[in-house]
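Enquirer: Pasting the sequence and the predicted model now:
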Amino acid sequence: MVKSARSREDPAAEVDILTAPEGSTTRTRRRLLIWVRVNSYRFIIIAFFLVLWVLASRSLGHFWVSSPLLTWQSLWALITSGDALLHIRITLFEALSGYVAGGLLGLIFAFAISRFENLAEALDPFLMTIYGIPKITLAPLFILWFGIGLLSKIYLAGLLAFFIVFFNTYAGIRGVDVELTKVARVMGATPWQVERTVVLPSCVPYVIAGLKVALPYALTAAIVGEFIASDKGIGYLIMDASGQYDTSGVFAGVVLIAVIIMLINEILKTSERRLLKWRPQEERGTTRVEDREVL
Amino acid sequence: MSLLRVENLSKSFVVERGGEVRHVNVLQNLSFTVPEGGFVTIIGPSGCGKSTLLNILVGLLPPSAGSITVAGHTYNGRLHPGFKRRIGYITQNDNLFPWRLVFDNVRYPLELAGVPLPEQKERVGELLEMVGLAEFAQHYPHELSGGMRKRVSLIRTLIYDPPIILMDEPFGALDAYTRTELHRELLSLWQRTKKTILFITHDLIEAILLADRTILLGNRPASVQCEYEVALPRPRHLEYPLEDQQFTELYLRVLKEFKR
């Protein structure tokens, strides 16, 4: 976001940043200027959105669209009573345990079947079918099988994470530059060394892209699971408010989810930057295979 | 004594198109030798089966018939990637690992062989120094220019000391100036390290300019059409080769044959 805003708004600033020596005052000043500009745009967008929200709630009535103030009051009540923290912890626990386990299995499975050319080919139509099924529709079945407790949500989150990470990693393995493999083999790498020193590192951007996409999906899976049947979690909170025709409560739940997603994205962005520092700037964040609708 | 000897090399592929099975001969009875310490270039029109030949010469593709003798060891039939590190391979693209620093790229072959790290460091340092890139050790490949990346890929091969180095149009994508620079550097490295070089290109001038001997490949199925001894004195005029009369004479002779 920052990058595109920078290059579109002021090409001169871009050039200056690149040519001015590191640590020079021009460079820091330009940076600061861009930061101020981008953030004021953001501020304007937020203000515009809040105005629209207020207008909508005034014209349609609080019952249909809660106002920002009422939403804030509901939210505040949730926070002070400790309910918010409790339910967030439950939902995050479900989403994250499913995410970690499913992601790890997806990674391992992709490497395992890529070792066997024929097996991969045999599995392909089945995998593509499963890929096409909106996996969230399995939520009722999972509740039936694993109960209304945390387990069914963990499995559902895990299933989504598994497929996203699996497909990405698999695409990464297939996309390994054959030339690099060749050069490594000529230099004396054994097949196992090729795997470890060429295939694995060149998959990293794909795996990261998969992990990045999978996290919000795991969260969604947990919440949808909670919608269907649960007695804890943010999904439960929203369904409960909705059952009592408490529109502000529903809005407060949605805001909670938005805040969590924002925090998660921030964490992902930082870790991605650190892991992919070897890639040229303009290539970062472009490896994204599995970004289609999975829901 | 020849360090690399290729004898009656043939390669055919089975192609299936529309239910019809055909054998396509890509290489036929190809033979040549490269003497120890020699600089031999191979010129071939594009599509003559050059990449097939290359894959066979680095041991990644078994020939259908014929044999390759590398430093006294004769191979045929099976896969022998790199012939136990007896052949170094410089490709058209630099093929550096983008996720490794320059330092880690250069030490890669030593890492594979399990050489202890202090020794790796010493060797990498020497070689980076030799090509004037010592200060770029801690950079990623994408932060280097095309010419610098070529140098890195060159020393990554030199570091494990293969007796023969096979180069596949290594300077094709570079600008004329950088290319001449690298020609000069390559020739000086060759003279210093006493390596045997087999250099494949489609550029006639480059082929004659660098070589002791140049081999002209014929069209498909590829075989050796003719060979020329390049008896021009060294050092050569790398910038303006065509000003040298001897060079031009030879160039026109090869060109005539090349056009046939």
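Expert: Cool, the structure landed. Numbering: from 1, shown residues only, chains lettered A, B, ... in the order given.
Enquirer: Contact residues of chain A facing chain B?
Expert: Proximity of chain A to chain B, by CB under 8 Å from any CB of the partner chain, involves residues A:177, A:179-180, A:182-189, A:193, A:197-198, A:201-202, A:204, A:277-280. C-beta coordinates here come from the backbone N, C-alpha and C atoms, glycine included.
Enquirer: Among these, the buried ones, what's the ChimeraX command?
Expert: Selection of buried members from the residues of chain A next to chain B for ChimeraX, criterion 16 or more other CB atoms under 10 Å in any protein chain shown:
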select /A:180,182,183,184,185,186,187,188,189,193,197,198,201,202,204,278,279
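Enquirer: List the ones among the residues of chain A next to chain B that fall in helices.
Expert: For the residues of chain A next to chain B, the ones inside helices are A:179-180, A:182-186, A:193, A:201-202, A:204, with DSSP state H as the criterion.
Enquirer: which pair in those spans the largest distance?
Expert: Spanning the widest gap among these are A:V186 and A:V204, at 23.5 Å by CB to CB.
Enquirer: May I see the buried residues of the strand or helix carrying A:L159?
Expert: Following DSSP states H and E, the helix or strand that holds A:L159 is helix A:150-174. Within helix A:150-174, the residues that qualify as buried are A:150-173, counting by 16+ other CB under 10 Å.
Enquirer: now do stretch B:169-184
Expert: Buried residues in stretch B:169-184, counted by 16+ other CB under 10 Å: B:169-171, B:174, B:178-183.
Enquirer: Least confident of these?
Expert: Across those, the member with the lowest pLDDT is B:L174, scoring 84.
Enquirer: Tell me if I'm right that that residue and B:G147 touch.
Expert: Yes. When contacts are counted by CB atoms under 8 Å, B:L174 is listed as touching B:G147 (6.1 Å).
Enquirer: so where do the helices sit in chain A?
Expert: A:2-9, A:11-19, A:25-60, A:68-81, A:83-114, A:117-132, A:139-146, A:150-174, A:178-186, A:191-194, A:200-228, A:234-243, A:247-275.
Enquirer: Just want the angle from the fifth one to helix A:117-132.
Expert: It stands for helix A:83-114. Following axes from the mean of the first three to the mean of the last three CA atoms, to 10 degrees, one obtains 150 degrees for the angle between helix A:83-114 and helix A:117-132.
Enquirer: So A:A161 sits against A:A214, correct?
Expert: Yes. If you go by CB under 8 Å, A:A161 and A:A214 touch, sitting 4.3 Å apart.
Enquirer: For the chain, which residues score under the pLDDT cut-off?
Expert: You didn't pick a chain, so chain A it is. Along chain A, the model assigns pLDDT under 70 to residues A:1-24, A:281-295.
Enquirer: should've been chain B
Expert: When residues are selected by pLDDT under 70, those of chain B lie in B:1.
Enquirer: Which residues of it lie near chain A?
Expert: Residues of chain B lying near chain A by CB under 8 Å from any CB: B:58-60, B:81-82, B:84-85, B:87-89, B:91, B:93, B:95, B:97-101, B:108-109, B:111-113, B:140, B:142, B:156-157, B:160.
Enquirer: before we move on, which element is the residue nearest to B:C226 when sequence neighbours are not counted in?
Expert: Residue nearest to B:C226 in three dimensions, not counting chain neighbours: B:L216, with 5.2 Å by CB to CB, 6 or more residues apart in numbering or on different chains. Counting by DSSP H and E, the element that carries B:L216 is strand B:213-217.
Enquirer: which strands and helices sit next to that strand?
Expert: For strand B:213-217, the elements it packs on are strand B:39-43, strand B:224-229, helix B:245-259, judged by 3 or more CB pairs under 8 Å, 6 or more residues apart in numbering or on different chains; DSSP states H and E.
Enquirer: Quickly compare the ones you listed and say which is most buried.
Expert: Highest mean neighbour count of the helices and strands packed on strand B:213-217: strand B:39-43, a mean of 25 (counted as mean count of other CB atoms under 10 Å in any protein chain shown).
Enquirer: any idea of the angle the helix or strand following it forms with helix A:178-186?
Expert: Downstream of strand B:39-43, the first helix or strand assigned by DSSP H and E is helix B:50-57. With the same axes, to 10 degrees defining the directions, helix B:50-57 sits at 30 degrees from helix A:178-186.
Enquirer: Can you show me the CA trace of the next helix or strand after helix B:50-57 as PDB?
Expert: Next helix or strand after helix B:50-57 toward the C-terminus (DSSP H and E): strand B:65-70. C-alpha atoms of strand B:65-70 as PDB (Å, rounded to 0.1, in the frame of the first residue of the first chain):
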ATOM      1  CA  ALA B  65      25.600 -44.100 -28.700                       C
ATOM      2  CA  GLY B  66      29.300 -43.200 -28.400                       C
ATOM      3  CA  SER B  67      31.400 -42.200 -25.500                       C
ATOM      4  CA  ILE B  68      32.900 -39.300 -23.600                       C
ATOM      5  CA  THR B  69      36.300 -39.500 -22.000                       C
ATOM      6  CA  VAL B  70      36.900 -37.000 -19.300                       C
END
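Enquirer: What helices and strands are in contact with strand B:65-70?
Expert: Strand B:65-70 sits against strand B:2-17, strand B:20-35, strand B:73-75, with contacts defined as 3+ CB pairs under 8 Å, 6+ apart.
Enquirer: Tell me how far the closest residue to A:I113 other than its chain neighbours lies from B:I42.
Expert: Once flanking residues are discounted, A:I113 sits nearest to A:A120: 4.9 Å by CB to CB, 6+ apart. Using CB to CB, to the nearest Å, one gets 38 Å for the distance from A:A120 to B:I42.
Enquirer: For the residue nearest to B:C226, which residues count as its bridge partners?
Expert: Listed by DSSP bridges, the beta-bridge partners for B:L216 are B:I43, B:C226.
Enquirer: And it, how close does it get to B:K259?
Expert: For B:L216, the distance to B:K259 equals 11 Å [CB to CB].
Enquirer: now the helices and strands packed on strand B:213-217 in a markdown table, with distance to A:I46?
Expert: Formatted as a markdown table, these follow (distance: least, CB to CB, whole Å):
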| stretch | distance to A:I46 |
| --- | --- |
| strand B:39-43 | 66 |
| strand B:224-229 | 73 |
| helix B:245-259 | 69 |
